[in-house]
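Chemist: Generate a structure from the sequence data that follows.
(4 chains)
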Number of protein chains: 2
Amino acid sequence: MREFTIGQLSKLTEVNIETIRYYEKVGMIPNPPRTSGGFRIYSAPHLERLSFIRRSKELGFSQPEVRKLLTLVDEHKYTCAEVQEIAANQLDAVRTKIKDLRKLEKALAGMLSECAGGDIPDCPIVDILSTVPEAYRKMLG
Amino acid sequence: MREFTIGQLSKLTEVNIETIRYYEKVGMIPNPPRTSGGFRIYSAPHLERLSFIRRSKELGFSQPEVRKLLTLVDEHKYTCAEVQEIAANQLDAVRTKIKDLRKLEKALAGMLSECAGGDIPDCPIVDILSTVPEAYRKMLG
DNA sequence: GTTAATCCCTGTAGTGACTACAGAGTCAAG
DNA sequence: CTTGACTCTGTAGTCACTACAGGGATTAAC
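Modeler: Take a look at the predicted model:
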């Protein structure tokens, strides 16, 4: 069992068939050999590469970043520092996103705490959303 | 100063001109009257509505959710509970995202802590990413 | 009164990272 | 040899905008 069809590879890696073909088209995985009928034939290196891509995506790396990582690995002459930088940038980005989401969380929780629910045709949340910022009101005379 | 061109509205609300036209096209803001030459003329209600949309987006509501909120407000017969539900869903979604990002943060930080940097042509991060999961290895014989 | 600068118009196409077909061909089992 | 599941290519759709291209409107200055 050293060779796979695209469907088998898809099940193994939990990457969509269409996505595998897409990765091939955009050059992230190499063109595999084919059967006489044109079916793609995959083997261990493809599995490893696709698995690498999947793990990177799971860690939130964007496609350009994944490409950079792949290129570094492909060239077999990357340094630890190069990889470290990409990962450190990603960590920064993740931490920034967490901060932003925390702010959202606070704002939403604050609004919800003022909201009594029920059948009343009125809601503090709508009031907040409807409020026109001070700066605009000047414009309205 | 009770009427605005699209450019003035854009500056006031900090919403892109193209985005304002897009919102009009998809029915989130009403078609404004026009000058004889075809220029859009906006006034207070448009400013308020666009401001509502912008605030909702800032709170992370998706377009369908913003639409729901707008519909509720438009119909002027929403109940507090309806609005509360949308906001509560959004809060849940935000909290889930934060949790996911925390996991990412931990994984990345862990990888980075094992990484010494420097000019060595080798990196624990690449090793981790290159690891083929146990389940796959069976397939490789 | 005309010209230049700045605005605005419509419509189409592009973004990221896939996903979803349509219509045709291939393969493996019975 | 047929059936049914799989695969092929290529195009178009997704979300929520953004970026033009190629024109017309408006306004301020001269």
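
Chemist: Let me see the contact set for the nearest residue to residue A:88 once chain neighbours are set aside.
Modeler: Sequence neighbours aside, residue B:112 is the residue nearest to residue A:88 in space, at 6.2 Å (criterion: C-beta to C-beta, 6 or more residues apart in numbering or on different chains). C-beta here means a position set from N, CA and C on the backbone, and glycine is covered the same way. Residue B:112 makes contacts with A:84, A:87-88, A:91, B:125, as judged by C-beta atoms under 8 Å, 6 or more residues apart in numbering or on different chains.

Chemist: Restricted to helices, list these.
Modeler: Using DSSP state H, the members of these that fall within helices are A:84, A:87-88, A:91, B:125.

Chemist: which of the residues you listed tops the neighbour count?
Modeler: residue A:87 (24 neighbours; other C-beta atoms under 10 Å in any protein chain shown).

Chemist: quick one on the thing from earlier: with residue B:98 as the reference, measure out to the residue nearest to residue A:88.
Modeler: The spacing between residue B:112 and residue B:98, counted by C-beta to C-beta, to the nearest Å, is 21 Å.

Chemist: residues touching the residue nearest the centre of chain A, list them.
Modeler: Centroid-nearest residue in chain A, with C-alpha atoms, centre = their mean: residue A:60, separated by 4.9 Å. Residues in contact with residue A:60 (C-beta under 8 Å, 6+ apart) are A:90, A:93-94, B:101, B:104.

Chemist: residues of the one helix or strand in chain A whose mean pLDDT sits lowest that come out buried?
Modeler: Within chain A, confidence by mean pLDDT, DSSP states H and E is lowest for helix A:134-137 among all helices and strands, at a mean of 70. Residues of helix A:134-137 classed as buried: residue A:136 (neighbour count, 16 or more other C-beta atoms under 10 Å in any protein chain shown).

Chemist: export that helix as CSV, just CAs?
Modeler: Extracted in CSV, the C-alpha atoms of helix A:134-137 (Å, rounded to 0.1, in the frame of the first residue of the first chain):
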residue,chain,number,x,y,z
GLU,A,134,-20.9,62.8,18.6
ALA,A,135,-18.7,63.8,15.7
TYR,A,136,-21.4,63.0,13.2
ARG,A,137,-24.1,64.8,15.0
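
Chemist: now for it, which elements pack on it?
Modeler: Packed against helix A:134-137 by the contact rule (3 or more C-beta pairs under 8 Å, 6 or more residues apart in numbering or on different chains; DSSP states H and E) you find helix B:6-13.
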